[in-house]
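**Student:** all I have is the shape, not the residue letters:
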């Protein structure tokens, strides 16, 4: 890795410090004037539609998408670009059918609807599912920019934390930045309330757009023929495949296998293997680092009888004059006692699976996997826009129903260009480094964009790298404060105020809200420390949110779309949906992107059937509460 002083200038550090101080100060300014929980959670229901729209986009996009989407395209392909069309469809459904129904009920949390439509138990279950989904999401939001900070600001002194951090599956630099980011975001979120959340989101949105425009200016000016090179040659970039992670025995002769690497030009490949992350473990010698299948001897069993973890990175380069270089593919070899290694399942190989041809001009619209991807995307985005407290809390904060509708449609308009652009940014950076080989390019694809930012943006305008890194911090804060504010609203409104302390003063509920916001931030930070053991940022976020999203969405859809569904059916359906999700995740080991869909279908099918077999709901549980009986605005 290049030294930190070669990546960031003193001006960058100054900009980062000033920017973060300004954002936190801005958040603190809005702490004044909170008199009740509506002020804190809903900005007194007086917000204009324009900042609301940008806030919705900034909060739900977050650092996960800023880093995860380019990282996914850099490492895999562009199979998720068409998702934006599905996202627009899902959000349109919410704007036309869901928002008019919920806005008329004057809610603080979305889960109050479930009590009105079904019963208190349904409200509590829906609220709990949201807490579990967004609690895990919050941890990923803190983890993502912390990895970016570790990539572009590698502070040598923090290597002393490596031993502690290794127990969390990360390194000392990432460990440190998780603590810094989590603590700062929690402080700001606790002080600010919803009004501060919204206005700081607006600032973050514009800083992010400026940074993204600067990246593309560099890509288009420094690549031969600019956009034409990306469009015509991206499919020719070779694909390194280092094989699946596995366990081996002590002293065993191990063969690494990169023979499945893909050469799209058909001119052969040159291979380059190296051991990475060896500072905290044994170093081994490869027989021939330039071979497709090099060998090495695993280390002997240590005196303490523990295991060793060896990580190797493979890059391949086309064997012709163009010499296009791939991104890195990594494999982890766990060296353990023979008895410990026996019977352990192999980690599945997640190499490119051709849902889309890597030559991205070709899209297979007849393949089963394509339609599963589209369906899963629709379910996920429908849940985000229509049942998720993070988005709905902003709709409820609007000064009027008209402002809510304008906000959601402007959010759609922002999504159309920006989300595909994030994926294409990853592809563009892959193409850039395929041509301009850089030995220091991180092996982790989620660090590719921040490395490019720190490596190149200051060549355009000094300080621009610092501004974009500050935007990553701001994106984290905007998402974390949104998430923990929504979690706190759910705890206070659906549990504390509804079940435990229903008759206390507004000042009491406001104080409880601040305490719970602080607690949520601390828990999210602690959880983020351990996310390095799970996998890539994008898959982490999808898994942690998708597991609970299907049954939650199913409960709402049973309420929205049917008159006959009752509390018994909704509760039983959600529990059955969770069982199906668990079966898919832990037994079948299915793709994590399908989790929400797998949970949704049985929730609705079994929920409706059980409702038909039991007592119908009361009239007051239907009037004004379904799509067929809603009141006009």
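**Tutor:** Ah, there it is. Bear in mind that the values here come from a model prediction, so they are computed numbers and not experimental data. Residues are numbered from 1 along each chain as shown.
**Student:** any idea how far residue 478 is from residue 183?
**Tutor:** Per CB to CB, to the nearest Å, residue 478 is found 16 Å from residue 183. Every C-beta, even on glycine, is put in place using the N, C-alpha and C of the backbone.
**Student:** what average pLDDT does the host helix or strand of residue 392 get?
**Tutor:** Under the criterion DSSP states H and E, the helix or strand holding residue 392 is helix 389-397. For helix 389-397, mean pLDDT is 83.
**Student:** quick one: residue 186 is in a helix?
**Tutor:** Yes: Residue 186 forms part of a helix when assessed by DSSP: H, G, I helix; E, B strand; the rest coil.
**Student:** that one and residue 518 touch, don't they?
**Tutor:** Yes: Residue 186 is within contact range of residue 518, at 6.3 Å (criterion: CB atoms under 8 Å).
**Student:** more neighbours: those two, which one.
**Tutor:** residue 186 (24 against 17; other CB atoms under 10 Å).
**Student:** so who does the more buried one touch?
**Tutor:** 480, 484, 517, 518, 520, 521, 522, 524, 525 (CB atoms under 8 Å, 6 or more residues apart in numbering).
**Student:** does the first one really touch residue 523, like I thought?
**Tutor:** What that stands for is residue 480. No: assessed by CB under 8 Å, residue 480 is found out of contact with residue 523, at 11.7 Å.
**Student:** of those two, who's got more company?
**Tutor:** More crowded of residue 480 and residue 523, by other CB under 10 Å: residue 480, with 31 against 17.
**Student:** which SS class is the more buried one?
**Tutor:** Going by three-state DSSP: residue 480 is helix.
**Student:** for it, give me its contacts.
**Tutor:** Contacts of residue 480 (CB under 8 Å, 6+ apart): 138, 141, 142, 182, 185, 186, 189, 521, 524.
**Student:** ok, those residues vs residue 449, which is closest?
**Tutor:** The closest of those to residue 449 turns out to be residue 141 (CB to CB; 16.3 Å).
**Student:** contacts only, for residue 423.
**Tutor:** 69, 70, 72, 73, 78, 80, 81.
**Student:** just the element for residue 382, please.
**Tutor:** Here residue 382 is assigned to helix 368-386, by DSSP H and E.
**Student:** same thing with residue 442?
**Tutor:** Assigned by DSSP H and E, residue 442 falls outside every helix and strand.
**Student:** may I see the buried residues of the biggest strand by length in the chain?
**Tutor:** Longest strand in the chain by number of residues (criterion: DSSP state E): strand 308-318. Neighbour-count burial for strand 308-318, with 16 or more other CB atoms under 10 Å as criterion, is recorded at 308, 310, 311, 312, 313, 314, 315, 316, 317, 318.
**Student:** and the first one, what's its pLDDT?
**Tutor:** Looking back up the chat, that one is residue 308. 81.
**Student:** measure it to residue 626 for me?
**Tutor:** Relative to residue 626, and taking CB to CB, residue 308 is found at 59 Å.
**Student:** on that earlier part again, how far off centre is the helix holding residue 392?
**Tutor:** Taking CA atoms, centre = their mean, to the nearest Å, one finds the center of helix 389-397 at 19 Å from the center of the full chain.
**Student:** repeat for stretch 477-489
**Tutor:** The answer for stretch 477-489 is 15 Å, by CA atoms, centre = their mean.
**Student:** and residue 478 and residue 183? Which one has more around it.
**Tutor:** Counted by other CB under 10 Å, residue 478 and residue 183 do not tie: residue 478 has more neighbours, with 34 against 14.
**Student:** quick one: mean pLDDT over the helix holding residue 382.
**Tutor:** On average, helix 368-386 scores 75.
**Student:** can you give me the strands in the stretch 501-633 of the chain?
**Tutor:** All residues of the stretch 501-633 of the chain lie outside strands when identified by DSSP state E, counting those that start in this stretch.
**Student:** quick one: low-confidence residue ranges for the stretch 501-633 of the chain.
**Tutor:** 532-542, 631-633 (pLDDT under 70).
**Student:** try 50
**Tutor:** Judged by pLDDT under 50, the stretch 501-633 of the chain has no weakly predicted residues.
**Student:** residue 448 against residue 442, yeah?
**Tutor:** Yes: assessed by CB under 8 Å, residue 448 is found in contact with residue 442 at 6.6 Å.
**Student:** neighbour count: those two, which is higher?
**Tutor:** Between residue 448 and residue 442, counted using other CB under 10 Å, the more crowded position is residue 448 (27 against 20).
**Student:** distance of the more buried one from residue 328?
**Tutor:** From residue 448 to residue 328 the distance is 10 Å (CB to CB).
**Student:** spell out which residues are contacts of both of the two.
**Tutor:** With CB under 8 Å, 6+ apart, residue 448 and residue 328 have common neighbours 441, 442.
**Student:** how near is residue 248 to residue 469?
**Tutor:** Counting by CB to CB, the gap from residue 248 to residue 469 is 39 Å.
**Student:** contacting residues around residue 383?
**Tutor:** Counting by CB under 8 Å, 6+ apart, residue 383 has contacts 549, 550, 552, 553, 596.
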